[in-house]
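1. The amino acid sequence is not available; the structure is as follows:
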């Protein structure tokens with residue numbers, strides 16, 4: 001079966017133009033998504049390269065080699081910058097101009113243009129690293145777990161390998177895979193390979209952009225806008241899921257219930273802005289004393305809940321006491337006044353109460369009320385022994401019992 005290389009190039013040209021226009025529209029409709037502008041430039045410059053190759057062919061003319069391949073080099077540079085923009089990193093303008101200019105300067109030397117081996121090696125040395133860098137940018141952002149991310153990384157890496165593999169194939173394969181005399185079927189196969197990579201890449205880039213938008217909307221819906229802590233809705237979803245996962249594996253987990261002491265009085269005296277300053281200070285202190293794997297939720301006006309995965313009661317006690325002490329020792333600046341703030345904390349552990357979220361919350365809440373009855377600014381551990389009938393026991397008694405039990 002004869003493969004028509006020109007038809008593949010023509011179809012590839014039309015598709016790249018269409019993709020370039022579509023990505024430009026995507027960027028124009030949402031200017032914050034600057035990566036769409038870079039990828040629009042990628043496809044439009046790629047279409048220019050394809051048009052030059054259709055018109056001038058793969059001959060050693062400087063118009064075909066210089067402008068055609070130079071446009072392709074610029075397209076790959078823009079693709080790399082689009083990957084950087086997607087990962088919220090600044091654009092590097094030097095490679096965008098330096099790489100095509102370097103190629104054009106090389107084309108001023110007649111031997112470089114005339115010998116296919118030089119052109120194949122030179123273009124591959126520019127194109128393969130930029131695709132590898134695009135894959136690297138997406139890999140660096142792997143903590144943002146988007147479903148299409150790893151497929152895109154593999155795709156960019158495979159494109160880099162295609163161009164890098166041309167260098168060792170120079171003495172063995174026909175152009176454009178190597179430097180032997182060109183064969184139409186090999187040209188068609190190469191362009192077909194790049195065309196399918198282009199289509200798949202375009203689909204995945206749109207998909208991952210949509211995935212990020214959905215993730216941001218979901219995160220926004222589960223985040224308290226003032227403090228940045230997770231909200232009650234997030235607790236109902238993530239909290240329950242986390243507890244169930246610990247139940248399945250039989251791992252310990254502790255729930256801290258934290259209430260800011262006399263918050264209503266602070267609000268009445270200093271106003272809502274002053275109350276907001278107190279909340280922000282409190283959240284800052286808590287975040288300084290918990291791990292990145294712990295979760296802080298704002299479940300009420302001044303009420304917060306903290307889930308500590310893989311944590312035993314003794315460890316939770318130390319965390320809670322650090323939070324209490326650090327907040328007690330600090331002050332909140334409200335309109336020039338240094339205001340002292342304290343908190344009451346209750347701890348409930350799966351070691352004592354099992355893995356029912358409602359039970360953990362109720363017991364930790366009871367411990368908070370016990371702390372307030374004891375004068376506030378205290379940490380209380382909820383227990384399930386006979387003493388719990390009169391309410392949870394204070395931290396001193398709990399610590400004493402653990403010391404005696406070894």
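-> Received, thanks. None of the values given here were measured: they were computed from a predicted structure. Numbering: from 1, shown residues only.
2. from the middle of its chain, how far away would stretch 158-170 be?
-> Centroid separation for stretch 158-170 versus its chain: 30 Å, with CA atoms, centre = their mean, to the nearest Å.
3. Can you give the contact residues for that stretch?
-> Contacts to stretch 158-170, defined as CB atoms under 8 Å, 6 or more residues apart in numbering, come from residues 117, 120-121, 123-125, 127-129, 131-132, 135, 173, 176-179, 193-194, 197, 201. The way it works is simple: take the backbone N, C-alpha and C, and place the C-beta from them, glycine included.
4. Check stretch 224-234 too.
-> By CB under 8 Å, 6+ apart, the list of residues contacting stretch 224-234 reads 221-223, 238, 276, 279-280, 283, 295-300, 304.
5. Now with 7 Å, please.
-> Defining contact as CB atoms under 7 Å, 6 or more residues apart in numbering, one finds that stretch 224-234 is touched by 221-223, 238, 276, 279-280, 283, 295-299, 304.
6. what do you get for stretch 345-364?
-> 239-240, 243, 246-247, 252-258, 312-313, 316-317, 320, 323-324, 365-368, 371, 379-384, 392.
7. where along the chain do the strands fall?
-> 230-231, 253-260, 295-298, 303-309, 332-334, 337-339, 343-349, 379-381, 393-394 (DSSP state E).
8. By mean pLDDT, show me the worst of those strands.
-> Mean pLDDT is lowest for strand 393-394 out of those, coming in at a mean of 43.
9. Low-confidence bits of the chain, can you list those?
-> Within the chain, the stretches with pLDDT under 70 are 1-5, 56-63, 385-406.
10. Kindly report the domain assignment for it.
-> With domains defined by automatic domain parsing, the chain comprises 5-220, 230-404.
11. Make TSV out of the ones you listed and add mean neighbour count.
-> Converted to TSV, the domains of the chain look like this (neighbours: other CB atoms under 10 Å):
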stretch	mean neighbour count
domain 5-220	18
domain 230-404	18
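12. Can you list which of the contacts of stretch 345-364 are found in helices?
-> Those of the contacts of stretch 345-364 mapping onto helices are 240, 243, 246-247, 313, 316-317, 320, 323-324, 365-368, 371, per DSSP state H.
13. tell me the two of these that are most distant?
-> By the measure CB to CB, 247 and 324 form the most distant pair in the ones in helices among the contacts of stretch 345-364, at 28.7 Å.
14. What are the boundaries of the helices in the stretch 1-150 of the chain?
-> Using DSSP state H, counting those that start in this stretch, the helices of the stretch 1-150 of the chain run over residues 5-29, 34-56, 62, 69-86, 93-107, 110-114, 116-140, 149-165.
15. Helix 149-165 and the fourth one, what's the angle between them?
-> Right, the one you point to is helix 69-86. Orientation note: helix 69-86 sits at an angle of 150 degrees relative to helix 149-165 (axes from the mean of the first three to the mean of the last three CA atoms, to 10 degrees).
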